[in-house]
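Visitor: Fold the following for me, if possible:
(chains A and B)
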Amino acid sequence: MRAHIWIPLLALGALVVLLYAGMQDMDRALPSPMIGKAAPSLPVPENSEAAAVLNAAQGQPRLVNFWASWCQPCLAEHPELMALAERGVTIIGVNYKDEASAAARWLDRHGNPFAVVLRDPEGAFAIDWGVYGVPETYLIGPDDTVLHKKVGPVDDAYLRDELQPRLSALKGPAS
Amino acid sequence: MLPALGDMALAGATCVCVLQILFAVQAARAPERYPAAPALLNAMVSSHLLLIFVAYCAMSILFVQDAFEVVFVAQNSHVELPLAYKLSAVWGGHEGSLLLWMLMLAGWTWCVGRFSNNLPTSTRAIVLGVLGFVAIGFLTFTLWTSNPFDLQFPVPESGRDLNPLLQDPGMVIHPPLLYMGYVGFAVAFAFAVAALIEGRLDSTWARWTRPWTTSAWAFLTAGIALGSWWAYHELGWGGWWFWDPVENASFMPWLVGTALIHSLAVTDKRGVFKSWTVLLAIVAFGLSLLGTFLVRSGVLVSVHAFASDPERGLYILAFLTVVVGGALALYAWRASQLKPETRVAIISRESALLLNNVFLVVLAAVVFIGTLYPLVVDSLGLGSMSVGPPYFEALFIPLGLPLVLLVGFSATLAWKRSKTGPVLRAAALPAAIAVVAGIALWAGIYAARGAMALVGIVLGLWAIFAALRDLWLRARSGRGVGSIPSSLWGMSLGHLGLGMFVIAVTVVSSFDVERDVRLATGEVADVEGYQFRFEGTRPVEGPNYIAERATVTVLEDGAPITTLYPEKRRYRVQQDIMTQSAVSYNPMRDLYVSLGEPMGSDAWSLRLQYKPMMRLVWLGTALMMLGGFIAALDRRYWRATRSASATASGATAQQVS
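Guide: Predicted structure coming up:
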């Protein structure tokens, strides 16, 4: 029996193993070394009003969202952020490598879900946070530690499976 | 009521399929004991088609009725959605697209049952049994993991609307045509499995398979072209092919299918390459299933991906393994029993077609590697990466152009053995015309820029003139144009279309001009001798969107030639913003305007593009598709011959021993 006629079958076997392996890391969560550590510093607010909002958020559970007006996935997650803000979740927006005017226009046009918008035009703060690309969303606990990191747009599954249980857990002991 | 009807119809179809497979096995084993087998199988196939059709109609009616208690309807429709899009929304999501897929499979199966009276009962039973097996795979997949008739409570007041990207006429017909192609390869696959089981790998088998394969290929061609047309008009970037994983998933079966229709020709006419041809038939369908898997498993990131679910991916993967693995194991077993084939002369049509197959399969491998490489890297833990257009373009140009050169020799090379002299003499005139006309076009219109462009233009013209010569020679030697058989018409049209496509792609990729400009009302931008005057924007209201519509007057040498109305639409339900580009075209060029962002005080950013010969890309693919359909109609395939089956069984005895 000639050996080469088995090649197609072996190739299929290899392909199936590969695809199966590919499905195993379906959840594309990137573990962040920041988790459990103190949240890195944020850009300095541009005015006293923003500084006051930022101060008030200290000691509260809050989200830090890195976004940019040029980023399509940011637009995709935007309705989810709006809904979160309406439900009283504090979201701190860090405008990443963006023009101030473009960012302002984007917020005017689509609505502003952020309690405060900070600017990181060079992406220098993003390096400290370990941002791979926008959008990225960090959940910060009342003790100012990073609890969770979401790479890519916020979606239903993230809200349901990751964010909501953690927020409830934070609220739980208090009430 | 209707959801329950749909559920029952699907369950009923599954039962019919089980019967069909069991009976097919009996009939294939002892055809002489079941004289009524063909009629009975046909009845099963017909009732299967009827049941799937009922399920499909039930789903369509649910959409028209805005029955939001059905999860799938709520996710993909809205009260305001226009009726045509409500009907096409049936295949706008994963679950419903499976329904369409199954309807097409049932339709193809019915056609096979209806038009294969000249097949021996055993072959027919195996073919219908295999198709029944494929159908059962998709039916159980639908019922277990993705039932489109699932209900929800409480009933939402309103639906989530159809993705605005899919609200386009091109998108309405693109998936059905694509699925016709994918599913059509299931027929070629079923014939291949039947041939392997019966040990009848011969020219008769190839002749039975050819019309099915060619028409499936033509559908796939049309489906891919329409997808590309849709991307060109709807995505608003002016691009028409992005080497996106899902585009690649449809392109791989196309390339292998193209190889298959050519190698089937050799097996049909000369009885050689049998083992290779049967392998291609299996691989073409395997790649169709792989495409289905890639879109639905979430393994690859793509703009096309349906909402992914690991369970679904796992099911399709298991199904792929069983179906293709089973066929390949059968192949390994049978191919080892084949006798060595007669040698093929180097200068002959057989060897030219073999070379064509090598190039096409290598091209398919290039796409395959480019599509799956990121997955390999990811699995090995080397990080995420993506393979982009530069990789594909670097390999497609050197591997694709020799194919075009080969195409021109297709009809003048004789079977068995050909003399070099006559072939070269026949090539001289079209080659000379191609070179002269090519240089004239290149230097005259495109100012002699880019040597690669000249190569592409000349090769494309060569394919066109060589195809015309084939028709002319045949008409002269026979009894005029009417004596040309449809197989030659089909082949020549296909090759002519390919030539046109190659020229168009060369020209548009070498000489297109793109400018991003900021224009206030009344301002003019100049692109390649055309002046675009921005006349301002005004709001317009569509059925389910509001839009900002710009008016752009296009002038040539100061005289207005046309007015374009690009739009920026915001769909009310999903709040998505869509760019609706506006295109003015003639055969020589497309002028493409898309509206960007407002830039303050009645100025907007606009993207203006000049895309030479873009229309010929579509015309070329349309000709290829037409060629496929005409070739499939050739009378030779449809003559009901008893003698064919008689000689076939004689050949069987020779084959397997």
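Visitor: got the contact list for residue B:489?
Guide: B:471, B:627, B:630, B:631 (Cβ atoms under 8 Å, 6 or more residues apart in numbering or on different chains). Every C-beta, even on glycine, is put in place using the N, C-alpha and C of the backbone.
Visitor: Just the mean pLDDT for the helix or strand harbouring the third one, thanks.
Guide: Taking DSSP states H and E as the definition, residue B:630 sits inside helix B:614-632. Average pLDDT, helix B:614-632: 95.
Visitor: Tell me which residues touch the residue nearest to the spatial centre of chain B, please.
Guide: Chain B has residue B:220 as the residue nearest its centroid, 2.3 Å off, counting by Cα atoms, centre = their mean. Neighbouring residues of residue B:220 by Cβ under 8 Å, 6+ apart: B:177, B:178, B:180, B:181, B:182, B:184, B:185, B:250, B:253, B:254, B:257.
Visitor: Same check on residue B:66?
Guide: B:73, B:77, B:78, B:79, B:159.
Visitor: Weed out the non-buried ones from these.
Guide: Buried residues within those, defined by neighbour count using 16 or more other Cβ atoms under 10 Å in any protein chain shown: B:73, B:77, B:78, B:159.
Visitor: mind checking the SS state of the last one?
Guide: Taken by DSSP: H, G, I helix; E, B strand; the rest coil, the conformation at residue B:159 corresponds to coil.
Visitor: Going toward the C-terminus from the longest helix anywhere in chain A, what's the next helix or strand?
Guide: For chain A, the helix with the greatest residue count under DSSP state H is helix A:7-24. For helix A:7-24, the following helix or strand on the C-terminal side (DSSP H and E) is helix A:48-57.
Visitor: How far does the helix holding residue B:630 sit from its chain's centre?
Guide: Per Cα atoms, centre = their mean, to the nearest Å, the displacement of helix B:614-632 from the mean C-alpha position of its chain is 12 Å.
Visitor: Tell me how many other residues crowd residue 63.
Guide: Assuming you mean chain A. 25 (other Cβ atoms under 10 Å in any protein chain shown).
Visitor: that's the other chain; I wanted chain B
Guide: 26.
Visitor: What's the per-residue pLDDT of it here?
Guide: Looking at residue B:63, its pLDDT is 95.
Visitor: about what we covered before: pull the most distant pair out of the contacts of residue B:66.
Guide: Taking Cβ to Cβ as the measure, the contacts of residue B:66 span a maximum distance of 11.1 Å, between B:73 and B:79.
Visitor: Between the two, which contacts overlap?
Guide: With contacts taken as Cβ under 8 Å, 6+ apart, residue B:73 and residue B:79 have B:66, B:159 as neighbours in common.
Visitor: thinking again about what came up before, name the helices or strands packed onto the helix holding residue B:630?
Guide: Judged by 3 or more Cβ pairs under 8 Å, 6 or more residues apart in numbering or on different chains; DSSP states H and E, the packing partners of helix B:614-632 are helix B:203-234, helix B:486-511, strand B:582-586, strand B:589-598.
Visitor: now the second one and helix B:614-632, what's the angle there?
Guide: Helix B:486-511 and helix B:614-632 are oriented at 160 degrees to each other (axes from the mean of the first three to the mean of the last three Cα atoms, to 10 degrees).
Visitor: can you list the residues of chain A near chain B?
Guide: Neighbours of chain B within chain A, by Cβ under 8 Å from any Cβ of the partner chain: A:1-2, A:5-6, A:8-9, A:12-13, A:15-16, A:18-23, A:25-26, A:75, A:79, A:105.
Visitor: What's the local residue count around residue 126?
Guide: No chain in the question, so chain A it is. A total of 20 residues lie near residue A:126 under the criterion other Cβ under 10 Å.
Visitor: Let me rephrase: I mean chain B.
Guide: Neighbour tally, residue B:126, other Cβ under 10 Å: 24.
Visitor: just the one 5 residues further on next, same as before
Guide: The burial count assigned to residue B:131 is 30, neighbours taken as other Cβ under 10 Å.
Visitor: isn't it right up against residue B:110?
Guide: No. Judged on Cβ atoms under 8 Å, residue B:131 makes no contact with residue B:110 at a distance of 9.8 Å.
Visitor: quick one: contacts for residue B:529?
Guide: Contacts of residue B:529 (Cβ under 8 Å, 6+ apart): B:556, B:557.
Visitor: Got the confidence number for it?
Guide: 89.
Visitor: Tell me how far it lies from chain A.
Guide: Distance, residue B:529 to chain A, using Cβ to the nearest Cβ, to the nearest Å: 32 Å.
Visitor: What is the three-state secondary structure of the residue located most distally from the centre of chain B?
Guide: The C-alpha centroid of chain B is most remote from residue B:601, which lies 46.2 Å away (Cα atoms, centre = their mean). Here residue B:601 is coil, with the state taken from three-state DSSP.
Visitor: Centroid-nearest residue for chain A?
Guide: Short answer for chain A (Cα atoms, centre = their mean): residue A:137, at 1.9 Å.
Visitor: pLDDT score for it?
Guide: pLDDT, residue A:137: 90.
Visitor: Now do the one helix or strand it maps to and helix A:48-57, the angle between them.
Guide: Assigned by DSSP H and E, residue A:137 belongs to strand A:136-140. Angle of strand A:136-140 versus helix A:48-57, following the same axes, to 10 degrees, is 60 degrees.
Visitor: Need the CA coordinates for strand A:136-140. CSV is fine.
Guide: Extracted C-alpha coordinates of strand A:136-140, given in CSV (Å, rounded to 0.1, in the frame of the first residue of the first chain):
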residue,chain,number,x,y,z
GLU,A,136,-9.7,48.9,27.1
THR,A,137,-11.7,49.0,30.3
TYR,A,138,-10.4,48.6,33.8
LEU,A,139,-12.6,48.0,36.9
ILE,A,140,-11.1,49.8,39.9
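Visitor: mean confidence score for whichever helix or strand comes after that strand?
Guide: Heading C-terminal from strand A:136-140, the first helix or strand you meet, by DSSP H and E, is strand A:146-151. In this model, strand A:146-151 has a mean pLDDT of 85.
Visitor: between the contacts of residue B:220, which has the most around it?
Guide: Within the contacts of residue B:220, most neighbours by other Cβ under 10 Å means residue B:257, with 32 neighbours.
Visitor: any idea how far residue A:61 is from it?
Guide: Remark: distance between residue B:257 and residue A:61 (Cβ to Cβ, to the nearest Å) = 56 Å.
Visitor: And residue B:497, by the same measure?
Guide: 62 Å.
Visitor: Settle it for me: which of those two has more neighbours?
Guide: Between residue B:497 and residue A:61, counting by other Cβ under 10 Å, residue B:497 is the more crowded of the two (25 against 19).
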